[in-house]
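Peer 1: Quick one, fold the following:
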Amino acid sequence: MLWIVLVVLFILLILYVLFLPLDLVVNTIQNQYFIRAGVIARANFAVDENYLFRIELRTLGIPFTIYPLRKKKRKKRETKPQKKETERFKWSYINTAMRLIRSFELKRLYLKLDTGNCITNAKLYPVFAYLNYMGSDFQINFKGENQLHLHLQNRPIRLVKSFINPKKFYYGITL
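Peer 2: Model (predicted):
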């Protein structure tokens, strides 16, 4: 009986992780840059004085700080590793990347842009008006304000599904 309960709990845990929302937020308005996996984990990207940036990771309430650009002391190798033969570029890499990109869902996109050139801003105005008509929030201004709020969401089940059930992509057309 105990084994059945453990197996059911394990299956429920796997289902929870598969349907857990993964959020990517880039918000220059409030200086928030993070990746969140439901309530399990969150990684904030913050500016650091000594190093360029740091990653503040919080997993199940336990905080970690990672400095990815900090130099590590490496041991010298005695022999040089042999070079591997370079592989030819495969189009399957592009197809895989396209499937992964298409699995993301755009929750929010807000862009306020000033290129610094009034002519370029004027040329971008009709493009942004058309994009606003399509359902996003784009603005052109002449005040020097640049703001971006991007919120992408995905679920691990969609990522797995994009690998298991691949569709052929040719020039962005699904076959």
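
Peer 1: gap between Asn146 and Ser103?
Peer 2: Applying CB to CB, to the nearest Å, the value for Asn146 to Ser103 is 29 Å. C-beta here means a position set from N, CA and C on the backbone, and glycine is covered the same way.

Peer 1: between these two, which one's more packed in?
Peer 2: Taking neighbours as other CB atoms under 10 Å, Asn146 and Ser103 compare with Ser103 leading, 17 against 13.

Peer 1: Can you tell me the SS state at the residue nearest to that one when sequence neighbours are not counted?
Peer 2: Distance criterion CB to CB, 6 or more residues apart in numbering; nearest residue to Ser103, sequence neighbours excluded, is Arg158 at 4.3 Å. Using DSSP: H, G, I helix; E, B strand; the rest coil, the structure places Arg158 in helix.

Peer 1: Around Arg158, how many other residues sit close by?
Peer 2: Using other CB under 10 Å, the number of residues around Arg158 comes to 18.

Peer 1: Output the below-cut-off pLDDT ranges for the chain.
Peer 2: In the predicted model of the chain, residues 73-91, 165-175 satisfy pLDDT under 70.
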